[in-house]
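> Would you be able to build a 3D model of this:
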Amino acid sequence: MDFSAALPIFAITLREGVEAALVVGIVMAYLKKADRSSLNPWVFGGIGTGVLASFVVGILLNWFLKQVESTDPDQAAFYGQLWQGILGITAIAMLSWMLVWMTENAKALKGEIEGRIGKAIANEKNAGWAVFTLILIAVLREGFEVVIFISAKLQGGLAPILGAIAGLVGAVAIGVALFQFGIRINLKLFFQAMGIFLLLIVAGLVISAIGHLDKAVAAYAELSQASLCFPTDTTTGPTSCLLGGLVWDVHEILPDKEFPGILLKALFGFRDRLFLGQAIAYFTFLTSAGLLYFQSLSDKPMKSVAKN
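Numbering: from 1, shown residues only. A predicted model of the protein is given here:
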């Protein structure tokens, strides 16, 4: 079994799961402090519904992709590559935005959630549903990001599933350690480290996404017999339609389908063959997203969370 496919999914699931666990933990701690622990079943209901809804969306999305790939063989290559590229871009946008947003808003997260939950339970009639909705939205937000990322990677087999399960278990363990046992964890350091790791993973997804779009253009050009691709002088080896020539070729030295190349590919987007357009997109994303991320790491550090 190729466990390299599980590592990036584990990292994404762990980070997104910890974000959801923080919301859940803050809500439950507030309910306990307000002597409203009777509303805890609504919290668990929101968690379960959010996880189930994310799972269903994942199944439907992958079913849709399989339906696309099973269309007319002449068009399957075009539609398959196109949708993989679109999903990749969607995952890049969602994960990048949430990375910067969470970093910028982490310091005010506890106060904001406590303010919302305080208003929610003030209305005795709808308190349960209000708590349920708050938790549901938190879980769905993180769950959809994981689902989109997994679908964009399109990795089959058991390894990605094990990676997602391990990430969820890790996130739950951190949540329990924080709010049930009062263990102090430096969340600022955790999110900073995971944030840098996530940037590298998403940057690798940039290479994959534009590669799929390039192949979609090439497939469409072949179908329509249109001159959509730039001419190339390359007669041997891999070629691209719009990405220019190869700027990196270590296929014979470090193939990305064998260890350790396959591990570097899964975690950081390493390719044993890299085209000019992919290299430009990779470093452009890493520079711009990295600048925004490190700019968001400012002001007072996030305090460790402990049991109230």
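
> Can you pull out the low-pLDDT segments for the chain?
For the chain, applying pLDDT under 70 flags the ranges 1-5, 68-74, 104-109, 153-158, 182, 226-228, 230-238, 298-308.

> By residue count, which helix of it is the longest?
Residue-count comparison of every helix in the chain, with assignments taken from DSSP state H, identifies helix 73-122 as the longest.

> Remind me what it packs against, helices and strands.
For helix 73-122, the elements it packs on are helix 6-33, helix 40-69, helix 127-153, helix 187-224, helix 276-296, judged by 3 or more CB pairs under 8 Å, 6 or more residues apart in numbering; DSSP states H and E. Glycine gets a C-beta too; all of them are placed from N, C-alpha and C.

> show me what contacts the closest residue to Leu243 other than its chain neighbours?
Spatial nearest neighbour of Leu243, chain neighbours left out: Gly277 (3.3 Å); criterion: CB to CB, 6 or more residues apart in numbering. When contacts are counted by CB atoms under 8 Å, 6 or more residues apart in numbering, Gly277 is found next to Ile210, Asp214, Ser240, Leu242, Leu243, Gly244.

> quick one: the last one from Ile280, how far?
Gly244 sits 9 Å away from Ile280, going by CB to CB, to the nearest Å.

> more crowded one of these two?
Between Gly244 and Ile280, counted using other CB atoms under 10 Å, the more crowded position is Gly244 (17 against 14).

> pretty sure the more buried one is touching Leu276, no?
Yes - the pair Gly244 and Leu276 qualifies as a contact (CB atoms under 8 Å) at a distance of 3.4 Å.

> picking that back up, quick one: buried ones out of the contacts of Gly277?
The neighbour-count test (16 or more other CB atoms under 10 Å) marks Ile210, Asp214, Ser240, Leu243, Gly244 as buried among those.

> quick check, nearest of these to Ser54?
Ile210 (26.8 Å; CB to CB).

> Which residue is the nearest non-sequential neighbour of the closest one?
Setting aside the residues directly before and after it, Ile210 is nearest to Ala281 in space (CB to CB, 6+ apart), at 5.3 Å.

> Contacts only, for that neighbour.
When the contact criterion is CB under 8 Å, 6+ apart, the partners of Ala281 are Val206, Ile207, Ile210.
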